[in-house]
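Engineer: structure for the following, please:
(chains A and B)
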Amino acid sequence: MEIDFTATGHIVGIDLGTTNSLVAFMDLTGPRIIPGADGDKLVPSVVSIAPSGEVIVGNPARELLMTQPDRSVYSVKRLMGRGVEDVREELKLFPFRVAEGSESVIQLQLGDRMFTPPEISALVLRQLKQNAEAYFGVSVDKAVITVPAYFNDAQRQATKDAGRIAGLEILRLVNEPTAAALAYGLDKRENGIVAVYDLGGGTFDISILKLHDGIFEVLATNGDTHLGGDDIDNLLLRIALEDVATEWGQDLAEDNEGIQRLRRAVIEAKERLSFVPSANIALEYHGRKYQREITRELFDKLITPIVNRTLGPCRDCIKDSGVGVDQIDEVVMVGGSTRIPLVRSAVETLFRSKPHTELNPDEVVALGAAVQAAILSGAVDNKLLLDVTPLSLGIETMGGVVSKLIHRNSTIPASATENFTTGVDGQTNVLIHVVQGERELVKDNRSLARFDLKGIDPVPAGLARIEVRFLIDANGILSVTARDQRTGKEHSVEVKPSYGLTDEQVEKMIQESFEQAEQDFAARQVREQRVEADAILLAVEKARKHGAYVELAEDERAAIDKAIKELQSVYNSDDHHLIAAKIEELNQATIKLAENMLKGSQT
Amino acid sequence: MTSDYYALLGVPRGLNVSLDELQTRYYALSRQLHPDRFMQKPEAERQRALDMSSALNDAYRTLKDPIKRAQYLLSQEGFDIGEQRSKDVPPELLEEVFELNMALEEMRSGDDSARPQLEQAEKNFSGMLAASDQELAALFAKYDEANSRDVLAQIRNVLNRRKYILNLVSEVEKTLETSHQQPATNNH
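Structural biologist: Numbers count the residues shown, from 1 in each chain, chains lettered A, B, ... in the order given. This is a model prediction of the structure:
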């Protein structure tokens, strides 16, 4: 039987990365990356807002990062689902411009406009959606998006919000290392224990999986959502900034354009160091030159603390998985930072086996997302992912102590039921504070949300019996339902997320994003018509020097002149229909001229 | 939907279960019930799949672990295995726990001379844990043969003692670790 990979629409797989993002699709030949219009498979996760308001994403935005730094933003994934307090340290190292008054949800300023991190991510997603639509020639509105395995509830919710704002229905959030295992598993072993070490631009994950006849059961996962290539860049950047300060007597950190150019130079040197024993950080800026040699030896010494920070989570993950290091059959490397030789040797030492690096570490997550998309469409039915929740879920009890309900590394979907009652006569609501984390005290964990159970019958204290069900779905996202055990009726639960957008905010952003998309589309159409106008005006200009032009009747020449003038007069209009109409008129006016020229060339 | 974990996974009710059989059943049921299989189905079916597969995962997590399995069966049989009971000191440990608490106090107040005693206690308790695991294995077999409530009562006592010891061990580990990081002169 022929399997139809598009029977349920083109469901794409998206790797929404800190540094780069990719979109992929699976068909009978297997999963593959869909390139952008410029032919690149990697779309830099950089967004720039032109003074005209037009949104620019990817490679061109990466260039604008240097020339228009105050209108551009990168590595926004680090801010997803986080509050201003969380990222204070981060803000010292990254040129994020957080708007005044940002509270639970960060607002970033680009030019004169404000964006939340999910809105910025939505702009990247919209670009990937457009790339896929251009590739297939049909609309694409369903996707699987990958997230770091160690992402908490708020970070996952923020990613899902980004998808909705971009006009995508997110069928599933898949953990990045698990997706990578799925891509590797295609042509690899059927049974065994596999570890996936995923060090990307901004996040680190380690997952240990059991493979069994197409079942990919995650045994344990661990990580750090703020550890990656960015941190290595910042180490090198600090050295370069000190050098420049000494040599030039200038603090380049205060110069938005200068620091972005230096950052680019640092990244280029870092990337070369994975393949050569020594590389130069080289910058030419406003007629001044800076050069600094970094040897592999120095580089290794610099990044050792960062590499070591990945090893603790690896050991904890092995312990939690319940398997010994010797039982792990293979280690798979994912993420651009695993190209670094020191990272590879550290992993080899810890796991006592040579890690796999066959698949492109930048692409493997997106390929896995495409496989999961095919599973959800029903086209692939012999594979199944059984993933886990990375963090324990608990509720606040007396004295600020956490009572754990769902432990970390529980297979999802997972649920827990807890009974609540009232403490005061006639009390009609109960507030439940849900946290995520491993610590004993509420204040040491991550506040997730406050759930307000409303409409409880006013009865004497302790008589109410409310059964509350906590459910973590297959995306790793929590939902809470409550039922009165005496009356059997469902209670309404009002959710107050500690960090994140409310439903109303997301709805509003969807609307704005839709309008923005229309504006962008109109702007693009105008630009295209102007390109066409340029082409025809140039052609007519040339033709007027041709002998055939002189042979035309006077009224014919006058008609051409008129059409040229009219086209020139509407050239700067924002109405692409008008420009198109005038192009067509000039076209009509020059038909005879073109015919005559053709005849002339044939004789 | 059945709420009984044994019935859900289709394995015989007992304190010993075949882990291979459990895994085989779990994987087969996951292939049928996982939400991934229902993405193209109507909302009501998707919701049902979510409920079923979360129940299946909860069941597997409970039954594959011998301690959780025993606790589950005990609570099914009406035995109280609440937190409070495990806080009572098992009588046979009274003396040892008393001495241990003294040593923990000394250690916390910065007296590092209690370290060897604590390390020895940690070893002793770990030995007791291993012994209680053996004891449990024997009791599991005994219960599966006779289904006697008396055996379940014995199991509950071992479980409570085990939990008590586990808490002690983690207390000792924590104290040894934090005292290690602080200089001995750091007196509060």
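Engineer: which residues touch the strand or helix carrying A:Ser21?
Structural biologist: A:Ser21 belongs to strand A:20-27 when assigned by DSSP states H and E. Contacts of strand A:20-27 from elsewhere in the structure, counted by C-beta atoms under 8 Å, 6 or more residues apart in numbering or on different chains, are A:5-6, A:10, A:12-15, A:31-34, A:41-45, A:124-125, A:128-129, A:131-132, A:135-136, A:143, A:201, A:336, A:362-363, A:365-367, A:369-371, A:373-374, A:379-380. Every C-beta, even on glycine, is put in place using the N, C-alpha and C of the backbone.
Engineer: in chain B, which spans are strands?
Structural biologist: Under the criterion DSSP state E, strands are not mapped anywhere in chain B.
Engineer: lowest-pLDDT helix or strand in it?
Structural biologist: Lowest mean confidence among the helices and strands of chain B (mean pLDDT, DSSP states H and E): helix B:94-108, at a mean of 78.
Engineer: pull out the buried residues from the strand or helix carrying A:Asp316.
Structural biologist: Here A:Asp316 sits within helix A:296-321, counting by DSSP H and E. Going by neighbour count (16 or more other C-beta atoms under 10 Å in any protein chain shown), the buried part of helix A:296-321 is A:296, A:299, A:302-303, A:306-307, A:310, A:313-314, A:316-318, A:320-321.
Engineer: biggest separation within those residues, which pair?
Structural biologist: A:Arg296 and A:Asp320 (34.1 Å; C-beta to C-beta).
Engineer: low-confidence stretches in chain A?
Structural biologist: For chain A, applying pLDDT under 70 flags the ranges A:1-3, A:6-8, A:100-104, A:186-189, A:601-603.
Engineer: at 80 what do you get?
Structural biologist: Within chain A, the stretches with pLDDT under 80 are A:1-9, A:85-86, A:88-96, A:99-105, A:185-190, A:488-489, A:491-524, A:598-603.
Engineer: so who does A:His53 touch?
Structural biologist: For the record, residue A:53 is Gly, not His. A:Arg113, A:Gln519.
Engineer: check B:Arg156 too.
Structural biologist: Per C-beta under 8 Å, 6+ apart, neighbours of B:Arg156: B:Leu74, B:Phe79, B:Ile81.
Engineer: A:His433 now?
Structural biologist: By C-beta under 8 Å, 6+ apart, the contact set of A:His433 is A:Ile395, A:Glu396, A:Val442, A:Ser447, A:Arg450.
Engineer: run through the neighbouring helices and strands of the helix holding A:Asp316.
Structural biologist: strand A:191-199, strand A:204-212, strand A:215-224, helix A:229-248, helix A:256-273, helix A:341-351 (3 or more C-beta pairs under 8 Å, 6 or more residues apart in numbering or on different chains; DSSP states H and E).
Engineer: could you dump those to CSV with distance to chain B and mean neighbour count?
Structural biologist: As requested, these are arranged in CSV below (distance: least, C-beta to the nearest C-beta, whole Å; neighbours: other C-beta atoms under 10 Å in any protein chain shown):
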stretch, distance to chain B, mean neighbour count
strand A:191-199, 12, 24
strand A:204-212, 6, 25
strand A:215-224, 5, 23
helix A:229-248, 25, 18
helix A:256-273, 34, 20
helix A:341-351, 22, 17
